[in-house]
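S.K.: Pasting a predicted model and its sequence here:
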Amino acid sequence: MNSKAMSMPQGKSCFTYLTEGIVAKEWGYGIRRVKLTVNPNAPEFVTKIPYTFTSSGFKDQEDNWFVCLRMNVDQHTQKKMRPMNQHSNINQLWGEMMLEFALEYADKYKSNQISH
């Protein structure tokens, strides 16, 4: 999946950026957000998704890290989460979640067809 990360500083890993602001023994969301857009030429998409995405990092009470992705539709849009660590391919995780959102979007609006 082709996705484009926007507004992330050069030289920082995705994991480091997304987990910033959460220290040992704390849990919750990191203080950073990454705006993502879908590459309209990505072969996984037959139609364009008219929304952007926002990603954040989250640490649960058991010290497990997750990358979160939200499709920016309205205030009630659900998020998707995947486990992550320093070695995770976060671009791949973003792509997987974007594709899931796209398929759900196509199911909701039957006139939009997205192939698997």
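M.R.: Perfect, thanks for sending it.
S.K.: Can you point out the buried residues in stretch 22-30?
M.R.: Buried residues in stretch 22-30, defined by neighbour count with 16 or more other C-beta atoms under 10 Å: I22, Y29, G30. C-betas here are computed from N, CA, C, even on glycine.
S.K.: ok, and what's touching it?
M.R.: Stretch 22-30 has contacts (C-beta atoms under 8 Å, 6 or more residues apart in numbering) with L18, T19, E20, G21, S56, G57, F58, K59, D60, Q61, D63, C68.
S.K.: Same check on stretch 76-83?
M.R.: Here stretch 76-83 makes contact (C-beta under 8 Å, 6+ apart) with 58, 64-71, 88, 93, 96-97, 100-101.
S.K.: mind checking how far that stretch is from the chain centre?
M.R.: In terms of C-alpha atoms, centre = their mean, to the nearest Å, the gap separating the centre of stretch 76-83 from the centre of its chain is 8 Å.
S.K.: Pretty sure F15 sits against L93.
M.R.: No - if you go by C-beta atoms under 8 Å, F15 and L93 don't touch, sitting 10.6 Å apart.
S.K.: and the two? which has more neighbours close in?
M.R.: Per other C-beta atoms under 10 Å, whichever of F15 and L93 has more neighbours is L93, with 21 against 18.
S.K.: shouldn't the more buried one be in contact with F66?
M.R.: No - here L93 does not reach F66: they are 9.5 Å apart, not a contact under C-beta under 8 Å.
S.K.: Now the common contact residues for those two.
M.R.: The contact lists of L93 and F66 share R82, M84, where a contact means C-beta under 8 Å, 6+ apart.
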